[in-house]
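Engineer: this is a predicted model, with the sequence first.
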Amino acid sequence: MSIDKDKIKHISKLARILVNETKIDALANDLNSIFKFIEKLNELDTDKVEPLSSILNEPLRLRSDEVTDGKIREKILANSPKKNEEFFVVPKVIE
Amino acid sequence: MSEISKKNLTEIVDLIKNKEIKSEEVTQSFITNINNDKKLNSFITNCSEVAIKKAKDFDKNPKLDTLLPGIPIAVKDLFCTDGVKTTAGSKMLENFIPSYESTITNNLWNEGAFLLGKLNCDEYAMGSSNETSFFGNVMNPIAENTVPGGSSGGSASALAADLTPVTIGTDTGGSIRQPASFTGTVGLKPTYGLCSRWGIVAFASSLDQAGPMTKTVSDCALMLEAMAGFDEKDSTSINKKKESYSKNLTDNIKGLKIGIPKEYRVDGMPKEIDQLWENGKKILKDSGAEIIDISLPNTKYALPTYYIVAPAEASSNLARYDGVKYGFRSSKGNNLIEMYENTRSEGFGDEVKRRILIGTYVLSSGYYDAYYIKAQKVRQLIKNDFDESFKTVDAILTPSTPSAAFKIAEKKDDPISMYLNDIFTVPVNLAGIPAISIPAGTDNNNYPLGLQLIGKPLDEQKLLNIAYAAEKKINFKQTLERWWER
């Protein structure tokens, strides 16, 4: 399998990462050599193996659904790159 | 340089507990070293001023019944620290100030320690040489223009150069053990779930684990004791009783069985590493352990598995960086989607973007079974290999890395040769088990080399004991010329 320009454009769209047109070829090269390395796994017959779902030997816990923090709106908003009083601001989404 | 900063953590703690030294003197000696450093670039944020204040506060009202009384500690810049910038080595978080403290750092502060600074690391912990950091390369104190390893490269460099008495790192595929090996220090990756992941910038959640990086095995035991513990805020935290690793540390390892996996003898491995390994076997045998040849047949599939699982988890974890609630935002783009795409394109470095793209691809429709599910099946086989071995042995001895530290830029343009650095460390993360790297010798450049001991889940005490016995017999000494102060 090889990764071409179109595939890179498709993945970068899914990942929401703009890839510069001039960098696509180099990236395709890197990814192809990495996937060649990864595809070594195909040597192994894993038909009868169950995929690992958790590395822990115990089941995941549930915690009680209680508010234990909060009331730090200003602290949270302080890290926002763009805000307006108590709101995060994003580019317009409705015409 | 002050003599205090050359001492290990256990010695400094004893001096403070015996009131032979004040926390302020200790803190000042490390600050002097930090200020004298002109080249290592191991710090991203220097917290000296606050640290001195905390030291003075401690001296006024010293609480001596803690594990880390009045000890200044610099930590990897992947741990969120309340009110102190936390960057993860990325432009994306260049100005991010958390409003909360990670559980691990909080545990350290509850034991009497305080923050000395935040240490450089590969961007989002993705790298093996600290060259992917937005804040620049870190140098290894063993030689100019040599990498300290990664991703906890700043941590390893600062520790080896006496800029912090101990430090903490995170290990997703070797990020504590490989830099420890490269700098002649001790690094432990605990069992998955022993140390809370809450408040650590996430890379690959099923592999990430925080651990201590120290000058000695005793220091490592003390630090692990302070760090470990159940945390309700981490859904994968293991609920078990706290252990006194430092109090129970012993070099009596008579009768323990140590496995030697034949698959770890790889082609082209330098002969010094082979000798180091042989020497390690001999030392453990002399200490009364029994050496047993074992097989971990799926070892060669560990790295390919890792390079599916880790990027897959990273692509999900890093989806949160969208330029809206925190972090960098690009000024380019005419609508929301374009703003996202430009933000992530400009905010992430090349290696991070490469891994997000790999992860997105292996999880995408039509490829998920062929890559991701396949990798999770092989991961099960790798775990089975260890489970099987641990039916007959107590621990496993291997080299920590296939080579000593290399020069800056030497491997930067070849991702595969960079990834191969982690060939001996990655299987441990996939299996969720603990492993420690201790300095054990040098190569022909006189660069340090480490040996790795791998243990059963939650068997850190035995692992530390074996490492302690080996450390005594190896008696590794490193004298550095402090060229970075010139």
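Structural biologist: Yes, it's here.

Engineer: residues touching the residue positioned nearest the centre of chain A, list them.
Structural biologist: With distances taken as Cα atoms, centre = their mean, the residue of chain A nearest its centroid is A:A15 (6.6 Å). By Cβ atoms under 8 Å, 6 or more residues apart in numbering or on different chains, the contact list for A:A15 reads B:S315, B:R344, B:I356, B:L357, B:T360. In this view, the C-beta of every residue, glycine as well, is placed from N, C-alpha and C.

Engineer: and B:V75, by the same measure?
Structural biologist: Contact partners of B:V75, counting by Cβ under 8 Å, 6+ apart, are B:T81, B:T105, B:L108, B:L115, B:G117, B:K118, B:L119, B:S155, B:T167, B:I168.

Engineer: try B:A431
Structural biologist: For B:A431, the contact set (Cβ under 8 Å, 6+ apart) comprises A:I55, B:I382, B:K383, B:D385, B:F386.

Engineer: list the buried residues in the lengthiest helix in chain A.
Structural biologist: Longest helix of chain A, by residue count under DSSP state H: helix A:24-38. Across helix A:24-38, burial judged by 16 or more other Cβ atoms under 10 Å in any protein chain shown covers A:I24, A:L27, A:A28, A:D30, A:L31, A:I34, A:F35, A:F37, A:I38.

Engineer: so is it next to chain B?
Structural biologist: Yes: using Cβ under 8 Å from any Cβ of the partner chain, helix A:24-38 reaches chain B at A:L27, A:D30, A:L31, A:S33, A:I34, A:F37, A:I38.

Engineer: and the second one, how far from B:F134?
Structural biologist: What that stands for is A:D30. 20 Å (Cβ to Cβ, to the nearest Å).

Engineer: could you say which helix or strand contains the residue of the stretch 51-200 of chain B found nearest chain A?
Structural biologist: Nearest to chain A in the stretch 51-200 of chain B, going by Cβ to the nearest Cβ, is B:S99, at a distance of 3.9 Å. B:S99 is part of no helix or strand when elements are defined by DSSP states H and E.

Engineer: then stretch B:186-197 to PDB, C-alphas only?
Structural biologist: Below are the C-alpha coordinates for stretch B:186-197, written out as PDB (Å, rounded to 0.1, in the frame of the first residue of the first chain):
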ATOM      1  CA  VAL B 186      18.500   6.300  37.100                       C
ATOM      2  CA  GLY B 187      15.000   6.300  35.600                       C
ATOM      3  CA  LEU B 188      11.900   4.200  36.500                       C
ATOM      4  CA  LYS B 189       8.700   3.700  34.500                       C
ATOM      5  CA  PRO B 190       6.200   2.300  37.000                       C
ATOM      6  CA  THR B 191       3.400  -0.100  36.400                       C
ATOM      7  CA  TYR B 192       0.600   1.500  34.400                       C
ATOM      8  CA  GLY B 193      -1.900   2.900  36.900                       C
ATOM      9  CA  LEU B 194       0.500   3.200  39.900                       C
ATOM     10  CA  CYS B 195       1.100   6.900  39.400                       C
ATOM     11  CA  SER B 196      -1.900   9.200  38.500                       C
ATOM     12  CA  ARG B 197      -2.000  10.600  35.000                       C
END
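
Engineer: and that stretch, what's its mean pLDDT?
Structural biologist: Stretch B:186-197 carries an average pLDDT of 98.

Engineer: near chain A, anything from it?
Structural biologist: Yes: on the criterion Cβ under 8 Å from any Cβ, stretch B:186-197 is in touch with chain A at B:Y192, B:G193.

Engineer: list the buried residues for that stretch?
Structural biologist: For stretch B:186-197, by 16+ other Cβ under 10 Å, it's B:V186, B:G187, B:L188, B:K189, B:P190, B:T191, B:Y192, B:G193, B:L194, B:C195, B:S196, B:R197.

Engineer: likewise stretch B:318-333?
Structural biologist: B:L318, B:Y321, B:D322, B:G323, B:V324, B:Y326, B:G327, B:F328, B:R329, B:S330, B:G333.

Engineer: closest to A:K9 out of these?
Structural biologist: Nearest to A:K9 among these, counting by Cβ to Cβ, is B:G333 at 17.2 Å.

Engineer: list the contacts of the closest one.
Structural biologist: Residues near B:G333 by Cβ under 8 Å, 6+ apart: A:P91, B:M339, B:Y340, B:E341, B:N342, B:T343.

Engineer: so what's the residue count around the first one?
Structural biologist: Applying the criterion other Cβ atoms under 10 Å in any protein chain shown, we find 14 residues in the vicinity of A:P91.

Engineer: residue at max distance from the center of chain A?
Structural biologist: Most distant from the centre of chain A: A:E85, at 30.2 Å, with distances by Cα atoms, centre = their mean.

Engineer: please report phi then psi for it.
Structural biologist: With angles defined as degrees, to the nearest 10, A:E85 sits at phi 50, psi -110.

Engineer: what does the pLDDT read for it?
Structural biologist: pLDDT recorded at A:E85 is 86.

Engineer: residue contacts, it?
Structural biologist: Per Cβ under 8 Å, 6+ apart, neighbours of A:E85: none.

Engineer: against chain B, how distant is it?
Structural biologist: 15 Å (Cβ to the nearest Cβ, to the nearest Å).

Engineer: and the residue nearest to the residue nearest to the centre of chain A when sequence neighbours are not counted, helix, strand or coil?
Structural biologist: Nearest residue to A:A15, sequence neighbours excluded (Cβ to Cβ, 6 or more residues apart in numbering or on different chains): B:T360, at 4.2 Å. Following DSSP: H, G, I helix; E, B strand; the rest coil, the label given to B:T360 is helix.

Engineer: next, count neighbours for B:T360.
Structural biologist: So B:T360, with other Cβ under 10 Å, has 24 neighbours.

Engineer: wait, doesn't it sit right on B:A314?
Structural biologist: No: contact between B:T360 and B:A314 fails when scored by Cβ atoms under 8 Å: they sit 9.7 Å apart.

Engineer: all the strands of chain B, residue numbers only.
Structural biologist: Applying DSSP state E to chain B gives strands spanning B:43-46, B:72-76, B:114-119, B:167-170, B:186-189, B:210-214, B:257-261, B:290-294, B:395-399, B:435-442, B:448-455.

Engineer: find the nearest non-adjacent residue to B:R197, please.
Structural biologist: Closest residue to B:R197 apart from its sequence neighbours, by Cβ to Cβ, 6+ apart: B:D234 at 5.1 Å.

Engineer: quick one, what contacts that neighbour?
Structural biologist: Contact analysis of B:D234 by Cβ under 8 Å, 6+ apart lists B:T103, B:S196, B:R197, B:W198.

Engineer: that older thread, of the contacts of B:V75 - the most surrounded one?
Structural biologist: Neighbour max across these (other Cβ under 10 Å) = B:S155, 38 neighbours.

Engineer: correct me, but that residue touches B:V166?
Structural biologist: No: using Cβ under 8 Å as the test, B:S155 is too far from B:V166 to be in contact (9.6 Å).

Engineer: which neighbours do those two share?
Structural biologist: B:M213.

Engineer: on that earlier part again, what's the neighbour count on the residue of the stretch 51-200 of chain B closest to chain A?
Structural biologist: The tally of other residues near B:S99 (other Cβ under 10 Å) stands at 15.

Engineer: quickly find the element holding the nearest residue to it once chain neighbours are set aside.
Structural biologist: Nearest residue to B:S99, sequence neighbours excluded (Cβ to Cβ, 6+ apart): A:K75, at 3.9 Å. Element membership of A:K75, judged by DSSP H and E, is helix A:73-78.

Engineer: tell me how far the next helix-or-strand element following that helix lies from the chain's centre.
Structural biologist: Next in sequence after helix A:73-78, counting helices and strands by DSSP H and E, comes strand A:83-84. Strand A:83-84 sits 27 Å away from the centroid of its parent chain (Cα atoms, centre = their mean, to the nearest Å).

Engineer: each with direction, which strands does strand A:83-84 pair with?
Structural biologist: Sheet pairing for strand A:83-84, assigned by DSSP bridges, gives strand A:87-88 (antiparallel).
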